[in-house]
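A.B. asks: Provide a 3D model corresponding to the input given below.
(chains A and B)
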Amino acid sequence: MSRHTTVIIGASIGGVRTAQALRAAGYRERIVLVSDEAVLPYDKPPLSKAFLAGSASSDDIALLSQAEADELGIELQLGRRANHLDLARNTVEVDSGERLGFDHCVIATGARPRPSPWGQPEGVHLLRTMDDSRRLRAELTPDRRLVVIGGGFIGAEIASTARSLGLAVTMVDPTAVPMERVLGSEIGRRFTRLHQDHGVTTLFSTGVQGLSGQRDGFTINLTDGRTLEADIVVVGIGAIPNDDWLVSSGLDIDNGVVCDKYLRVPDAPNVFAIGDVCRWQNPRHDRLTRIEHWTNAVEHASVVAHNITHPMQLMSCAPVEYVWSDQYDWQIRVAGEAGIAEYRHVEVIGEDAATGRFAALYSADGRIFSGIVAVNWPRALVAARRALKERIPYPEIRRTLDQLAQSQRATSTGV
Amino acid sequence: MAKLEADRGVCQGYANCVAAAKDYFDIDDDGVVILLKTDVAESDRTRVRGAALSCPVSALRVED
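C.D. replies: Next up, the predicted model:
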């Protein structure tokens, strides 16, 4: 009889961490990690920041070396795309024609960029993979004109990196402010100013009508009638879960793989989904959620590793959301649910012009604390994440952060 | 007993370790990790390893 096997499809942060967490949890059976990319697993957040800027190498962003994989007994199958999951036979079919048998399967195929609705001639870039980042980097030479379509995290980070490399940058988005969905409009306005202060031309509340021309001579027509000239263009308008390959499996696919609170696929309790491709019944919000954050994928990996190794003590998945971004000299940290429209109660605490420090606290009603945006203020972030996890009321965390701001001011001035 | 190590030069103050195991980790005013203890009890191993795996810059290590 063959050895018990877990097959993990996808070798980005979620897939790699699942394999590592299984070993950390004492799992001694076979682990097969399948990636459609032909390169060793690497980390994606630096692709729009340090790797794009050229200050981090491919070694710096490696997630799992061949030596580490060997040491942990993780079998890597690189350059293989899964194209069918057979729930009756417990096999995954890959594009080489091979069928991989499993006892447990973890779907970690992530998401891909929403394609450019304006076509993608040479010089128009999307960013998701290391190759994408390399191709874009080769074009980011000083004084060229870059138009970034999309003011979300990816767009804002690319704008920041491109400014550091000396390009002339314009950011366009139909929303009112950058990262509006996460930050909300009030706090988002501070980020508009951040980009403007660093020389970015910001065009919010206007969309792109059409794009014509070619590299070093693009013309972009905006919905408000204006026209932009660009040498290169980046389109960062969101991501789509990589769930198409699962349609033939009969799984419930609806903007991601629908899972229960244990991240299991209903009707196939030996199959799990994690990370960007997972839409699970989240007990924290009592609804299906799909979250495209690095830390979410790591938390999913940890939960799934536990649930595979502890089938009689299943752990449900209800993490406090957490995402970060680094733009210019701002270290931006967002925990919980901050920006979504119903959270209208927003207060800014601990503002310090010298360091750029501030925290914005979000609440729907002034009683329940729902989220924080902390800039250059790690201690506030720690206190707020704890408060969110323990469901500390809003007035209490507000007081805590006020006191923290006072004490840190006293320290910094030597009083 | 397993030993916990941190590379304070690499730490960027993401604080995922504190969220995962606040009895082992804290961060200082500058956002750099502080180890509250370095000996990892057998019963805490999976949890502390999980905290190390949650570090976005791989600044933490648990050595057997």
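A.B. asks: surely A:A168 and A:V147 touch.
C.D. replies: No: look at A:A168 against A:V147 with Cβ atoms under 8 Å: they stay out of range, at 9.5 Å. In short, each C-beta sits where N, CA and C put it, glycine included.
A.B. asks: so between these two, which is more surrounded?
C.D. replies: A:V147 (25 against 17; other Cβ atoms under 10 Å in any protein chain shown).
A.B. asks: what sits against the more buried one?
C.D. replies: By Cβ atoms under 8 Å, 6 or more residues apart in numbering or on different chains, A:V147 lies in contact with A:V169, A:T170, A:M171, A:V172, A:F218, A:I220, A:L228, A:A230, A:I232, A:V233, A:V234.
A.B. asks: report how many residues lie close to the fourth one.
C.D. replies: Read that as A:V172. A:V172: 24 neighbours (other Cβ under 10 Å).
A.B. asks: what's the helix or strand for the spatially closest residue to it that is not a sequence neighbour?
C.D. replies: Nearest non-adjacent residue to A:V172, counting by Cβ to Cβ, 6 or more residues apart in numbering or on different chains: A:L203, 4.6 Å away. Taking DSSP states H and E as the criterion, A:L203 maps to strand A:201-204.
A.B. asks: cool, A:L194 as well?
C.D. replies: helix A:180-197.
A.B. asks: how about that helix: buried residues?
C.D. replies: A:E180, A:V182, A:L183, A:G184, A:I187, A:G188, A:R189, A:R190, A:F191, A:T192, A:L194, A:H195 (16 or more other Cβ atoms under 10 Å in any protein chain shown).
A.B. asks: the second one contacts A:G339, correct?
C.D. replies: Yes: judged on Cβ under 8 Å, A:V182 makes contact with A:G339 at a distance of 4.8 Å.
A.B. asks: quick one: the helices in chain A?
C.D. replies: Using DSSP state H, the helices of chain A run over A:13-24, A:50-53, A:66-72, A:130-139, A:153-164, A:180-197, A:294-309, A:378-389, A:394-412.
A.B. asks: adding mean pLDDT and distance to B:R8, write the ones you listed out as CSV.
C.D. replies: Below are the helices of chain A laid out as CSV (pLDDT from 0 to 100; distance: least, Cβ to Cβ, whole Å):
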stretch, mean pLDDT, distance to B:R8
helix A:13-24, 97, 23
helix A:50-53, 98, 19
helix A:66-72, 97, 23
helix A:130-139, 98, 28
helix A:153-164, 98, 25
helix A:180-197, 93, 28
helix A:294-309, 98, 21
helix A:378-389, 96, 13
helix A:394-412, 87, 19
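A.B. asks: quick check: which of those is nearest to chain B?
C.D. replies: Closest of the helices of chain A to chain B is helix A:378-389, at 3.2 Å (criterion: Cβ to the nearest Cβ).
A.B. asks: contacts for that closest one?
C.D. replies: A:320, A:322, A:331, A:333, A:335-336, A:349-350, A:359, A:361, A:369-372, A:374, A:392, A:396-397, A:400-401, A:404-405, A:408, B:13, B:15, B:18-19, B:22, B:26-27, B:29-31.
A.B. asks: give me the buried entries from the residues you listed.
C.D. replies: Members of the contacts of helix A:378-389 classed as buried by 16+ other Cβ under 10 Å are A:320, A:322, A:331, A:333, A:335-336, A:349-350, A:359, A:361, A:369-372, A:374, A:392, A:397, A:400-401, A:404-405, A:408, B:13, B:15, B:18-19, B:22, B:27, B:31.
A.B. asks: in strands, which of these appear?
C.D. replies: A:322, A:331, A:333, A:335-336, A:349-350, A:359, A:361, A:369-372, A:374, B:27 (DSSP state E).
A.B. asks: what's the most distant pair in those residues?
C.D. replies: Across these, no pair lies farther apart than A:S370 and B:I27, at 23.0 Å, counting by Cβ to Cβ.
A.B. asks: what's near enough to touch A:E93?
C.D. replies: Here A:E93 is in contact with A:A82, A:N83, A:H84, A:L85, A:D86, A:R99, A:L100 (Cβ under 8 Å, 6+ apart).
A.B. asks: wait, the last one touches A:T6, no?
C.D. replies: No: contact between A:L100 and A:T6 fails when scored by Cβ under 8 Å: they sit 10.6 Å apart.
A.B. asks: higher neighbour count, these two?
C.D. replies: Higher neighbour count among A:L100 and A:T6: A:T6, with 25 against 19, using other Cβ under 10 Å.
A.B. asks: from chain B, how far off is the more buried one?
C.D. replies: 17 Å (Cβ to the nearest Cβ, to the nearest Å).
A.B. asks: which ones are touching that residue?
C.D. replies: Per Cβ under 8 Å, 6+ apart, neighbours of A:T6: A:L22, A:Y27, A:E29, A:R30, A:I31, A:V32, A:F102, A:D103, A:H104, A:C105, A:V106, A:I308.
A.B. asks: the last one touches A:Y27, doesn't it?
C.D. replies: To tie it back to what came earlier, the one meant is A:I308. Yes: contact criterion Cβ under 8 Å: A:I308 and A:Y27 qualify, at 6.7 Å.
A.B. asks: kindly state the beta-bridge partners for A:L361.
C.D. replies: With DSSP bridges as the criterion, A:L361 is bridged to A:E347, A:I372.
A.B. asks: relative to A:A374, how far out is whatever residue of chain B ends up closest to chain A?
C.D. replies: Proximity to chain A, evaluated over chain B using Cβ to the nearest Cβ, is greatest for B:G31 at 3.2 Å. Distance of B:G31 to A:A374, computed by Cβ to Cβ, to the nearest Å: 10 Å.
A.B. asks: which residues touch the residue most central in space within chain A?
C.D. replies: Closest residue to the average C-alpha location of chain A: A:H293 at 3.2 Å, with Cα atoms, centre = their mean. A:H293 sits next to A:E321, A:Y322, A:V323 when contact means Cβ under 8 Å, 6+ apart.
A.B. asks: tally of neighbours for A:T309?
C.D. replies: Around A:T309 there are 19 other residues, counting by other Cβ under 10 Å.
A.B. asks: that one is in contact with A:E29, isn't it?
C.D. replies: No: look at A:T309 against A:E29 with Cβ under 8 Å: they stay out of range, at 9.6 Å.
A.B. asks: so what does the closest residue to A:K44 other than its chain neighbours have for phi and psi?
C.D. replies: Spatial nearest neighbour of A:K44, chain neighbours left out: A:S12 (6.2 Å); criterion: Cβ to Cβ, 6+ apart. Main-chain dihedrals, A:S12, degrees, to the nearest 10: phi -90, psi -160.
A.B. asks: which parts of chain B sit against chain A?
C.D. replies: Residues of chain B lying near chain A by Cβ under 8 Å from any Cβ of the partner chain: B:12-16, B:18-19, B:22, B:26-27, B:29-31, B:45-46, B:49-50, B:53-54, B:56.
A.B. asks: quick check: mean pLDDT of stretch A:92-99?
C.D. replies: What stretch A:92-99 shows for mean pLDDT is 95.
A.B. asks: over to stretch A:211-220?
C.D. replies: 98.
A.B. asks: again with stretch A:313-330
C.D. replies: Rounded mean pLDDT across stretch A:313-330 is 96.
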